[in-house]
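Novice: Sequence and predicted model, in that order:
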Amino acid sequence: MSNTHSAFLKEMGISQWSTRDGEPSSAKSSSVASVDPATNNGEAVEKVPQGYWWFFGVQPQGDAQALFQSMIRALGLGPQEWSWKNASDDLKQLQAPENGLPVVVLAFGGSVAQKITGERDSLPQLRETILALNNGSDEEIPVIASFDLAQLIAKPKEKALLWQDLLLAKSVLQNI
């Protein structure tokens, strides 16, 4: 998606991502058994991943890592549903998972978002916009730009904005 398209969508208030035919993706993959003692008396239930999350940025340490772990819990993601990626890696080597699950990218920090999307705007302009991963493929992988987690530790009032970014990313993933 080009800069112009992103700007138009943002101005129109469009925050959902859908496939070109307008249908949500119906690709399902292998399921993972999880135990939720509160609802199933300790019995294992099948959890089918609905998508895959790629997190780009500096892997958090200390308090930022605790914030990230809380974020993963709030999203309800299991270890098989997300991974860290390095913005300095060759983006052309990145491909969606073979299992057919849709992917959404969350870029932590303006410089990371700029590097992986090719956009030049600063983080305030990139936030709340659905960008696309610049990996040279025909497949558009949506990118949501957000704050660097270490910065959020210093500015806790902005955590609400991170939550908005997470909800946007979740909405995008559900509508692929």
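Specialist: Structure's in. What do you need?

Novice: C-alpha from now on. contacts and neighbour counts both.
Specialist: Will do.

Novice: What's the mean pLDDT across stretch 88-106?
Specialist: Averaged over stretch 88-106, pLDDT sits at 85.

Novice: meant to ask about stretch 67-77, not that
Specialist: For stretch 67-77, the mean per-residue pLDDT is 95.

Novice: got any ranges where the protein has weak pLDDT?
Specialist: For the chain, the stretches with pLDDT under 70 are 1-48.

Novice: mind listing the strands in it by residue range?
Specialist: In the chain, the strands defined using DSSP state E lie at 32-35, 44-47, 52-56, 82-85, 103-108, 131-132, 142-146.

Novice: Dump those to CSV, plus distance to Gly62.
Specialist: Output for these, formatted as CSV (distance: least, CA to CA, whole Å):
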stretch, distance to Gly62
strand 32-35, 27
strand 44-47, 30
strand 52-56, 17
strand 82-85, 17
strand 103-108, 16
strand 131-132, 29
strand 142-146, 19
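
Novice: which parts of stretch 153-167 are buried?
Specialist: For stretch 153-167, burial by neighbour count (16 or more other CA atoms under 10 Å) applies to Lys159, Leu161, Leu162, Asp165, Leu166.

Novice: Stretch 91-111 now?
Specialist: Buried residues in stretch 91-111, counted by 16+ other CA under 10 Å: Leu91, Leu101, Pro102, Val103, Val104, Val105, Leu106, Ala107, Phe108, Gly109, Gly110, Ser111.

Novice: what about the nearest residue to the fourth one once chain neighbours are set aside, distance to Leu123?
Specialist: What that stands for is Val103. Closest residue to Val103 apart from its sequence neighbours, by CA to CA, 6 or more residues apart in numbering: Tyr52 at 4.7 Å. Per CA to CA, to the nearest Å, Tyr52 is found 23 Å from Leu123.

Novice: thinking again about what came up before, now for the residue nearest to Val103, how many residues are close by?
Specialist: 21 (other CA atoms under 10 Å).

Novice: And for the residue lying closest to Ala150 once chain neighbours are set aside, the neighbour number?
Specialist: Once flanking residues are discounted, Ala150 sits nearest to Ala64: 5.3 Å by CA to CA, 6+ apart. Per other CA under 10 Å, the neighbour tally for Ala64 reads 18.

Novice: contacting residues for Ala64?
Specialist: The contact partners of Ala64, by CA atoms under 8 Å, 6 or more residues apart in numbering, come to Leu149, Ala150, Leu152, Ile153.

Novice: Distance check, the second one against Val58.
Specialist: According to CA to CA, Ala150 stands 9 Å off from Val58.
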